[in-house]
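Asker: how would this look folded up:
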Amino acid sequence: MSSNPDERTFLAFDRTLLAWVRTSTSLLTFGFGIYKLLVQQSSEPGSHPILEFVSPRFIGIAMIAAGFIGLLMAVLEYVSFARGHGRSVRQTWFSPSLIVSYVVLMLCLMILTGAVVGT
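Answerer: As a prediction, the model looks like this:
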């Protein structure tokens, strides 16, 4: 590993982006899980009072959207940081951590679109 401070800073920023990928994936899966749990509870008598005001579908969509927006902001910040520190376009847009981010973003977008458009 290089002792260059700029390289260490870039690697730390890379780890931060991967932490956002993990957080976004967690929000995506929690959105599914909470939706399924609340749908099951709403069909039972004496369900949770929050279900009178907010639908389970809305809560699931909100969590998936939060994961998508958070990861999108992290990707944009990562790219801005990399370009500001003199990284080439290839190094910036095609790093392994960004490719993983793109896959998770597309997954979130497909699921979010299906949840909003579908019934």
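Asker: which helix or strand lies directly C-terminal to the lowest-mean-pLDDT helix or strand in the chain?
Answerer: One helix or strand of the chain scores below all others by mean pLDDT, DSSP states H and E: helix 89-93, with a mean of 76. For helix 89-93, the following helix or strand on the C-terminal side (DSSP states H and E) is helix 96-117.
Asker: quick one on the thing from earlier: packing partners for the least confident helix or strand of the chain?
Answerer: Helices and strands touching helix 89-93, as assessed by 3 or more Cβ pairs under 8 Å, 6 or more residues apart in numbering; DSSP states H and E, comprise helix 56-84. For every residue, glycine as well, the C-beta is placed using N, CA and C.
Asker: list the buried residues of the helix it packs on.
Answerer: 56, 59-61, 63-68, 70-72, 74-75, 78-79, 81-82 (16 or more other Cβ atoms under 10 Å).
Asker: equivalent analysis for stretch 106-114, please.
Answerer: Under 16+ other Cβ under 10 Å, the buried positions of stretch 106-114 are L107, C108, I111, L112.
Asker: any weak-confidence spans in this protein?
Answerer: Counting by pLDDT under 70, the chain has low-confidence residues at 1-5, 46-48, 51, 119.
Asker: residues in contact with V39?
Answerer: P56 (Cβ atoms under 8 Å, 6 or more residues apart in numbering).
Asker: quick check: T92 vs G114, distance?
Answerer: Distance, T92 to G114, by Cβ to Cβ, to the nearest Å: 31 Å.
Asker: one more: V54?
Answerer: Relative to G114, and taking Cβ to Cβ, V54 is found at 20 Å.
Asker: please identify the helix or strand for the residue nearest the centre of the chain.
Answerer: A centroid search over the chain (Cα atoms, centre = their mean) returns S24, at 2.6 Å, as the residue closest to the centre. Assessed by DSSP H and E, S24 sits inside helix 5-42.
Asker: got the angle for that helix vs helix 56-84?
Answerer: Helix 5-42 and helix 56-84 are oriented at 170 degrees to each other (axes from the mean of the first three to the mean of the last three Cα atoms, to 10 degrees).
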